[in-house]
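>>> I would like the atomic coordinates for the input below:
(2 chains)
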Amino acid sequence: MAKGRRLQPGMFGFRKRQRNDTGGQSGQSQPRPLPAKLADSLQQIRQEFHDASDLVVKQFCIGGIAARKAAVLYLEGMADGKAVKEAVIEPLMLWARPQLGGGALRGNLPEQIRQRLSPAQNMINLHSMQEVAEQLLEGNSVLLVDGFSVALGTENRGFPKRAVEAPETEVVVRGPREGFTEVVRDSVALVRRRLKTPGLVVEQMRVGRRSVTDVRLLYLAGVARPELVREVRRRVQAIDVDMAPESGIIEQLISDYLLWLFPLIQSTERPDTVAASLAEGRVALLVDHSPFALIMPNTLFQFFSTAEDYYQQYLVSLMLRLIRLGAFAISTFITAIYIASSSFHQELIPLPLLLNIAASEAGVPFPLPITAVAIELLLEVLREAGIRLPRQVGQAVSIVGAIVLGQAAVQAGFASAGLVIVAALGTIASFAIPNFEAAVAVRLLRFPFILLASVLGFYGLFLGAVILLFYLSSLQCFGVPFLSSGRALMLSSYDPWTRSPVRPYAPRERIRQATPPRRRQGSDR
Amino acid sequence: MSPIRWRVIRWIFLVAGLLSLTGCWDRRETPELAIVGSIGLDAGDEGRVLVSLEVIHADALARGPGPVSVPSKVVAWVFREEGRTVLNAIRNVETRTSRRMFVGQVNTVIFGQNLARQGIRRYLDVFERQSQFRRSLILNVCDTGAGLLQRPLIEDIPSRTLSGQANTALYAGKTVVVTLNEFLRTLAEPGIEPVTSHTAGRQTRDAMVKRLGESVRQKNPSVMRPQPFTADEMPEGELPPDSPVLDPLREAGTGEEMEGITVVPGIAVFRGDRLVGFLDGAEARGYLWAAGRIRGAILEIPSPLPGIEVLALEVIRVQSSIEPQISGQKIRIKVTIGALLEISEVPVGFVMSQDTVGRIEEAANEFIRREVYRTLRRVQREYKSDIYGFGQAVYRKDPRLWRRLEDDWNRHIFPHLEVQVQVRSNIRSSALLLRDPR
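The predicted structure follows:
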């Protein structure tokens, strides 16, 4: 398979604009300096925003001195109006007068505001119209002072956001309940709290000509390979689309292939997973507006691991991993195996089972493969219908639908009981794969295998398995073979299939001392 | 042409090539098949073979609520056809059935005595050659005929009753269970003759023919008639006593002699591929001791202890070795049998001690020795077939000598071999009781 065919922007309506219009802060146009006169500035800004109705402009006089006109601008709902009032308007309007005795008036007023008058922690000087617009769009407020061609940006964002909640797609029994939110700054903080080292590098990038999405590239300096970091950075910087509303789009835009079956970039809602991956030498991307972080490179065996694996004791998580691997195999192959053995290799089936199959299929009007595909499609429809319904209804649809419909289909003679059982088993097994996208891929894979098994029997099944293996081994993710283990990545992960046990650190001698000497029992009986 | 389109086309060619490989491949849906449970071979007219196929009625045996209601409880039919070859006879059966015969699940092949005496090698070929047959299927010789119909007793499927019986008889020290593979291997090896298990009491064609209400002589077995018939034809609740319905317990409870139920009393002795006779009961055990094929048995030995007439020993494990002693022209065979026994049932008054155990062991030695000699005498004089593999032992010891003796072995040398049997039995325990509790 040809390597590294890049995804071309242009799908899904994220077409690159040919006209180079005013959209965006792409920095290609020359910076326009701010006029010194307040009225001019305000007028230009209003014009820039096309008289946006949510642009709040508060004009006032610093210290109540009529000659010192100033204005605060912010976008309604994006900045916290109360914070603006407390940090900028109040101190300047009400308390600045005594500070501004005669001589001080001649100095650099914005600089004085920054240093002496406003208690805001984070004020920066803005010199161009573009910078002003950028600050406003970030949700910050901008202070303009009459007579100076420099504006002051104050950070007081106040847009609506969700609190940190438990991740819904990756539930753990044991482990932290924090999940990423849609605000990238909070997400970065969640990761940083887990890696308290200056070595955690957070690079900021902007993606999307109109959405101007904040993308953060995270890696551990000295742990992640520099080539990997460079490559990820290069690919993100090369993105040229209008809209990037979710990390799923970034994932597609930086992927190695146009079409792929298994997700080659891991996505997760869990900051602990990201932190652990960074410590293994992977690179993570956090995207604003998306609670899903991207981790790369990914390998096949990542699909079978959950964060919880590392929090439980070794034997338990070893068994769970093996069960998940088994579920992967069952989900992919079981329907196909059923078809192959009951229409080609009847001698493989134990006689009592064969009799059951023969009896239950005797009344079914359609050939087995057609029934099988129909049942599988039915299960997919049920699953799809259940996802988007409200939770209570959704459960009812999926369970009741599967049971009632399956039972009814068997009784009506549309399908044999064995087939319904096998198809349901395959679908349920796919739910045991922790990664949702991988589970979908597995369910997709079943159809070609059903086809192969019904035409060629086990021959076809093994042929398909070999082709699948070829395909998987041909995949690469950021130069790392998809089937490789963590060790081959030169990452510090030693557990591609199963994790290794954690050696207790306490020396044995101390454990022994801590245990009270055992009393001999039974000798006095 | 863009590379991606070229790639797609490559895949299409690949898949198309795969599909063209299939042709009319042996795809067959399960409901299209008539599942054959066992096959019986009898001597037919004019050198033909009479093949009986036991076709299992899947609907009657399937578990759970299926879509198909079961109108009759007949669990199996027997179809019978003649042919010069086995396969052709099976094809002849298929002309009368709506389904193809599927032999992949056959686990027993039964030979009627008459056919077995003529030699079975030519009929075994199809089982060896055709990929559908299992090599693990059990061979069996029935002394009456291989008519196959048998009432299901405990097992649902008639023929599975037979294979199950062979297995229980194996662990009772009464017979051997010989697979097709084993039989063919023994046939090919020098200096050893094959055996199979022996079935007796099988209901033969007459009874079935009688049930059909037709009078056909057994001499003319080529009756083309499916055997037997659905229960629908019978008045409700008035099934014929020997119809193969799923009610074995009622039948067993009556205590009446059950026709159509077989027993496996022993082994069938072959010379080459021809049946020469049977060894039943203790005679079969006499063979099993020497051949080291005994898998468990209960020995009722006359007690050497005062006041106790008989005691039962259970055979735990047996090892035997055959050692030819060649001196000049004289060949003597030394058979050593080591038996691990357990005292399993004794009448009142038994006390376990070093002394009693020693005496019981000696009695057991003698008992086993007698059994071995008795069988040996019969096999040597009557059957003249080296089923023990004495010749094989000679071949292994002195291949050149064997080459000279090979042709005359069964006829002239084996019957007159001097065989020395040495038994060392070892009683391991007296089960749970040391002494009589009273």
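>>> Pull up the per-residue confidence for the residue in the stretch 151-300 of chain A positioned nearest to chain B.
Residue nearest to chain B within the stretch 151-300 of chain A: residue A:258 (7.6 Å; Cβ to the nearest Cβ). From N, CA and C alone the C-beta is placed, and that goes for glycine too. Turning to residue A:258, the model gives it a pLDDT of 78.
>>> Give me every residue in the stretch 101-250 of chain B lying close to chain A.
Counting by Cβ under 8 Å from any Cβ of the partner chain, the stretch 101-250 of chain B comes close to chain A at B:102, B:104-105, B:107, B:132, B:134, B:157, B:160.
>>> Where neighbours are concerned, which of those residues has the most?
residue B:157 (26 neighbours; other Cβ atoms under 10 Å in any protein chain shown).
>>> From residue B:96, how far out is that one?
Per Cβ to Cβ, to the nearest Å, residue B:157 is found 22 Å from residue B:96.
>>> tell me which residues of the helix ranked longest in chain B are tucked away?
Scanning chain B for the helix with the most residues, using DSSP state H, yields helix B:354-378. For helix B:354-378, burial by neighbour count (16 or more other Cβ atoms under 10 Å in any protein chain shown) applies to B:356-357, B:360-361, B:363-365, B:367-369, B:371-372, B:375-376, B:378.
>>> Can you name the residue of the stretch 401-525 of chain A nearest to chain B?
Counting by Cβ to the nearest Cβ, the stretch 401-525 of chain A gets nearest to chain B through residue A:413 (4.0 Å).
>>> per-residue pLDDT, that residue?
If you check residue A:413, the pLDDT there is 81.
>>> And the helices in the stretch 101-250 of chain B, which stretches?
For the stretch 101-250 of chain B, applying DSSP state H, counting those that start in this stretch gives helices covering B:113-118, B:121-129, B:158-171, B:180-188, B:205-211, B:248-254.
>>> what's the least confident stretch among those helices?
Of all the helices of the stretch 101-250 of chain B, helix B:248-254 has the smallest average pLDDT, which comes to a mean of 32.
>>> how big is the angle separating the helix or strand following it from helix B:354-378?
Note on helix B:248-254: by DSSP states H and E, the next helix or strand toward the C-terminus is strand B:263-271. Between strand B:263-271 and helix B:354-378, the angle comes out at 50 degrees (axes from the mean of the first three to the mean of the last three Cα atoms, to 10 degrees).
>>> For the longest helix anywhere in chain A, buried residues please.
Criterion DSSP H: the longest helix present in chain A is helix A:436-474. For helix A:436-474, burial by neighbour count (16+ other Cβ under 10 Å) applies to A:437-443, A:445-461, A:463-465, A:467.
>>> Skipping its backbone neighbours, what lies nearest residue A:192 in space?
Spatially, and ignoring its direct neighbours in sequence, residue A:192 is nearest to residue A:200 (6.1 Å; Cβ to Cβ, 6 or more residues apart in numbering or on different chains).
>>> shouldn't that neighbour be in contact with residue A:220?
Yes: with contact defined as Cβ atoms under 8 Å, residue A:200 counts as touching residue A:220 (5.9 Å).
>>> any shared contact partners between these two?
residue A:278 (Cβ atoms under 8 Å, 6 or more residues apart in numbering or on different chains).
>>> Now residue A:112: which helix or strand?
helix A:109-112.
>>> After that helix, which helix or strand is next?
strand A:123-126.
>>> which residues sit in contact with residue B:180?
Residue B:180 touches B:109, B:124, B:127-128, B:133-139, counting by Cβ under 8 Å, 6+ apart.
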